[in-house]
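In: Dropping the sequence and predicted coords here.
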Amino acid sequence: MSGQGCSGPREPPLALIGGCESATLYAPISTRTRVFEGVGSMRRAILVIVLLAVLALGLYTWAALSYSYSDGERAGYVQKFSRKGWICKTWEGELAMANLPGAMPQIFSFTVRDDAVAQQINADMGKRVVLHYEQHVGLPTSCFGDTEYFVTGARVVESGP
């Protein structure tokens, strides 16, 4: 009986349930695997869709950060500058822009992602500065900053006589 199992030779496409005592045939193996083939291909399709969505979001974020909608310079006094964020820490600040002495200043909110630029702005607090910025529209999350204006450079403006 060696090599033949409990009840003689077994046919390859059948599976036994309950061991050798009952020798009950359940179903052909090929039928059982066909039932679960659909589940595996559905999981694979869902995984592919999720991966494509993550890839598309990543490409969109990269494009939004790589290309600026506008850039320019704003002059004024930095009145507020702090590092914020629960997970993604960025430097957020406000620049008070006043054209005439005694006039109500217009507030320009900005974000700094580079620590070297942030240190330069911190060193120039209280002085009239010019901030060079780039505007990035349509970022998918506030993790990159609270505003769409990203400061890339700062310089002190010499006061007139």
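Out: Ah, there it is. Residues are numbered from 1 along each chain as shown.
In: you'd agree R43 is in a strand?
Out: No: counting by DSSP: H, G, I helix; E, B strand; the rest coil, one finds R43 to be helix, located in no strand.
In: ok, now which ones touch it?
Out: Contact partners of R43, counting by Cβ atoms under 8 Å, 6 or more residues apart in numbering, are absent. The C-beta positions use only the backbone N, C-alpha and C, and glycine is treated the same way.
In: contact partners of stretch 46-63?
Out: L139, P140, T141.
In: Nearest to G93, out of the residues you listed: which one, please.
Out: Taking Cβ to Cβ as the measure, G93 lies nearest L139 of these, at 17.8 Å.
In: Let's see the distance spanning stretch 108-126 from one end to the other.
Out: 16 Å (Cα to Cα, to the nearest Å).
In: re the thing from before, any of the contacts of stretch 46-63 buried? List them.
Out: By neighbour count, with 16 or more other Cβ atoms under 10 Å, these hold L139 as buried.
In: I'd like the contacts of stretch 46-63 laid out as TSV, including distance to E92 and secondary structure.
Out: Listed next are the contacts of stretch 46-63 as TSV, based on distance: Cβ to Cβ, whole Å; DSSP: H, G, I helix; E, B strand; the rest coil:
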residue	distance to E92	secondary structure
L139	14	coil
P140	18	coil
T141	15	coil
